[in-house]
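Got a predicted model here, sequence first, then my questions.
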Amino acid sequence: MARILILEDDTTFAQLLDGFLTKNHHEVTLVTHIKQSLKLIENQQFDLLLVDYRLPDGIGFELITHSRNLGLSTPIIIMTSFNDVRTAVKSMQMGAFDYITKPVNPDELLMVINNSLTKKDTNNLNTSETDSDFIKGKSATSDRLYEHIALVAPTDMSVIFQGESGTGKEFAARTLHQQSKRADKPFIAIDCGALSKDLAASELFGHVKGAFTGALNDKKGQFEAADGGTLFLDEVGNLSYEVQIKLLRVLQERVIQPLGSTKQISVDVRIITATNDDLLNSIAEGEFREDLYHRLNEFKIQLPALRDRGNDLELFINHFIDLSNRNLGRNVKSIAADAKSLLLNYDWPGNLRELSNVIKRMVLLTPGDIAQVSALPDEMMISVNQQTLPGSSSDLKAVNEQNEKNIITETLIKVKHNKSKAAKMLNIDRKTLYAKMERYGID
Ligand SMILES: Nc1ncnc2c1ncn2[C@@H]1O[C@H](COP(=O)(O)OP(=O)(O)OP(=O)(O)O)[C@@H](O)[C@H]1O
């Protein structure tokens, strides 16, 4: 049983969730406003926060930030519409554990909740998926990526991985560490986006008892814990200016000074950082120190977006199907042609993380061995159709045809491919619908 706080302003939906989760032996508290939720997490313990993105008094991110500032590690799952996937991905950079798209599928919700509850228990900064959970890809872009990793790994150079969210920066950093001479020493990953401003320095450099209110015991920082090995600072652009200054000093002098202590401790740590936006912008805006940037950027490696990885996309799809079959006890062997075409044509703003989530959901919703298009989020089809809209075309006929194709596709999705219903809604006869479907290549 877990204590779950649901922050959702759609009360009907919230009650549905409440009923469903209570039936599954969880203890649920419902609130509709961010303000109420902030008060509750300060005073009560929860095992999980299930948070809607758009709320009457703000956006769900506020709860993530507040929870991190309180130093809580309660997993947070953001519920969002499919069109907000980019936002959901951002919420994960801010420290949310996972996201789930609406309309919420009950099996999927249970899977995500169970994942977050079990991961919470094992969420040691040092643990990760096993090697067989990962693949490298075979495209020229992937070859170049791993060539660069292999080149820089044996050196002690600081490396920045730059790439969109979910492109696999942490995985690349681990690979680099494993290929380095520090491989048998710790690799410690720290998500700087999830660290509160106040706790960041103590997390990195440690503190002594009494250094600040709440410092009840001495605490070793992650620099000391990673001694001899590699420290991976994810979303390094989120570190406060004061912590940046401290970090620069550590890099220059190779010693740390725990908060409240006068003692200096020598450390030998290689730093790998990751960022998903160009830190040069943050430097121009005065938010990131240029001297620190040059220290961190002895070698920069760009992680390609999934949409630019060519045939790797198919490899990753198959890889995630195998993984999900194993984890969910399913036996999906292939994907129907229309579903495959959607997967290949979508632009994957959340990259590998989004692909892995979509495939997990697809496998979960496929009891047989062929995954159908109905197991993919409906909005994916709409998004793919919109991508192919002839944006600024002045060819009126082409624009009209594209619109007609989109409307037919969306209607078919709405009525779960019942052609009679679709024809009725579209106000045409079935024969005309069939003819148009054939003309536009709609399956
Ligand atoms: N090479 C890979 N093979 C298989 N799965 C991968 C690979 N790289 C990443 N993934 C999957 O994608 C997810 C996101 O990867 P990762 O956390 O490394 O991305 P990231 O770029 O560091 O994300 P963020 O910008 O949000 O920090 C992982 O949980 C993993 O499931």
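Perfect, I can see it now.

And the residue of the stretch 101-250 of the chain that's closest to the ligand?
Of all residues in the stretch 101-250 of the chain, Gly168 sits closest to the ligand, with a separation of 2.8 Å (Cβ to the nearest ligand atom). For the C-beta atoms, the positions are set from N, CA and C on the backbone; glycine is no exception.

In this structure that residue contacts Asn351, no?
Yes: proximity of Gly168 to Asn351 meets the contact threshold set by Cβ atoms under 8 Å, at 7.5 Å.

What distance do you get for Met425 to Ile442?
Distance, Met425 to Ile442, by Cβ to Cβ, to the nearest Å: 15 Å.

for Arg307, same thing?
23 Å.

Could you do Phe299 as well?
48 Å.

Next SSE downstream of the helix or strand bottoming out on mean pLDDT in the chain?
In the chain, no helix or strand scores lower on mean pLDDT, DSSP states H and E than helix 85-93, which sits at a mean of 72. Once helix 85-93 ends, the next helix or strand along the chain (criterion: DSSP states H and E) is strand 98-102.

Residues in contact with that following strand: which ones?
75, 77-82, 85, 88-89, 91-92, 108-109, 112, 115-116, 357, 377, 379 (Cβ atoms under 8 Å, 6 or more residues apart in numbering).

Kindly export that strand (C-alpha atoms) in CSV.
Written as CSV, here are the backbone C-alpha positions of strand 98-102 (Å, rounded to 0.1, in the frame of the first residue of the first chain):
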residue,chain,number,x,y,z
ASP,A,98,7.9,9.9,-15.0
TYR,A,99,4.9,11.2,-16.9
ILE,A,100,1.8,9.6,-18.2
THR,A,101,-0.4,11.0,-21.0
LYS,A,102,-4.1,11.5,-20.8
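
what about it, near the ligand?
No: judged by Cβ under 6 Å from any ligand atom, strand 98-102 and the ligand are separated, with a smallest distance of 9.9 Å.

how much does whichever helix or strand comes after that strand deviate in direction from strand 98-102?
Using DSSP H and E, the next helix or strand after strand 98-102 towards the C-terminus is helix 106-122. The directions of helix 106-122 and strand 98-102 differ by 170 degrees, with axes from the mean of the first three to the mean of the last three Cα atoms, to 10 degrees as the criterion.

for helix 106-122, packing partners?
Under the contact criterion of 3 or more Cβ pairs under 8 Å, 6 or more residues apart in numbering; DSSP states H and E, helix 106-122 touches helix 11-23, strand 48-52, strand 76-81, strand 98-102, helix 351-364.

tilt between the fourth one and helix 11-23?
When you say that, I think you mean strand 98-102. Going by the same axes, to 10 degrees, strand 98-102 makes 130 degrees with helix 11-23.

just the angle between strand 98-102 and strand 48-52, please?
Going by the same axes, to 10 degrees, strand 98-102 makes 40 degrees with strand 48-52.

Could you tell me which residues of the stretch 251-400 of the chain lie near the ligand?
Ala274, Asn276, Leu352, Arg353, Ser356.

Now Arg86: closest residue in space that isn't a chain neighbour?
Nearest non-adjacent residue to Arg86, counting by Cβ to Cβ, 6 or more residues apart in numbering: Pro349, 4.8 Å away.

wait, what's in contact with that neighbour?
Pro349 touches Val85, Arg86, Val89, Glu164, counting by Cβ under 8 Å, 6+ apart.

redo that, cut-off 7 Å
By Cβ atoms under 7 Å, 6 or more residues apart in numbering, the residues touching Pro349 are Val85, Arg86, Val89.

isn't there a strand covering it?
No: Pro349: not assigned to a strand; according to DSSP: H, G, I helix; E, B strand; the rest coil it is coil.

any chance of the helices and strands packed on helix 106-122 in a markdown table, with distance to Lys197, mean pLDDT and mean neighbour count too?
Below are the helices and strands packed on helix 106-122 laid out as a markdown table (distance: least, Cβ to Cβ, whole Å; pLDDT from 0 to 100; neighbours: other Cβ atoms under 10 Å):
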| stretch | distance to Lys197 | mean pLDDT | mean neighbour count |
| --- | --- | --- | --- |
| helix 11-23 | 32 | 92 | 15 |
| strand 48-52 | 21 | 93 | 25 |
| strand 76-81 | 18 | 86 | 24 |
| strand 98-102 | 24 | 83 | 21 |
| helix 351-364 | 26 | 91 | 22 |
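
okay if I get these as a markdown table plus distance to Ala189?
What follows is those, written out as a markdown table (distance: least, Cβ to Cβ, whole Å):
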| stretch | distance to Ala189 |
| --- | --- |
| helix 11-23 | 31 |
| strand 48-52 | 22 |
| strand 76-81 | 19 |
| strand 98-102 | 17 |
| helix 351-364 | 15 |
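
So for Ser393, what's the pLDDT?
pLDDT recorded at Ser393 is 57.

With Leu38 instead?
pLDDT, Leu38: 91.

count of residues packed around the residue nearest to it when sequence neighbours are not counted?
In this structure, Leu38 finds its nearest non-sequential neighbour in His66, 5.2 Å apart by Cβ to Cβ, 6+ apart. Neighbours of His66 under the rule other Cβ atoms under 10 Å: 16.

Give me the secondary structure label for His66.
Following three-state DSSP, we place His66 in the helix state.

any idea how far the ligand is from it?
20 Å (Cβ to the nearest ligand atom, to the nearest Å).

Tell me the confidence at that residue?
pLDDT, read off for His66, is 84.

Also Phe82?
pLDDT, read off for Phe82, is 67.

now do Asn126
So, for Asn126, pLDDT stands at 38.

Let me see the contact set for the closest residue to Leu5 other than its chain neighbours.
Spatially, and ignoring its direct neighbours in sequence, Leu5 is nearest to Phe46 (4.6 Å; Cβ to Cβ, 6+ apart). Contacts for Phe46 (Cβ under 7 Å, 6+ apart) come out as Arg3, Ile4, Leu5, Thr74.

With pLDDT added, can I get these in CSV?
As requested, those are arranged in CSV below (pLDDT from 0 to 100):
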residue, pLDDT
Arg3, 95
Ile4, 95
Leu5, 95
Thr74, 88
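
Now, of those residues, which are buried?
By neighbour count, with 16 or more other Cβ atoms under 10 Å, the contacts of Phe46 hold Ile4, Leu5, Thr74 as buried.

Next one: the last one relative to the ligand, how far apart?
Pointing back at Thr74 there. 19 Å.

next one: phi and psi at that residue?
phi -60, psi 130 (degrees, to the nearest 10).

now the first one
Listed backbone geometry of Ile4 is phi -120, psi 130, with angles given as degrees, to the nearest 10.

shouldn't it be in contact with Leu50?
Yes: in terms of Cβ atoms under 7 Å, Ile4 counts as a neighbour of Leu50; the distance is 5.9 Å.

Where does the prediction get shaky in the stretch 251-400 of the chain?
386-396, 399 (pLDDT under 70).

Fine by me, we can end here.
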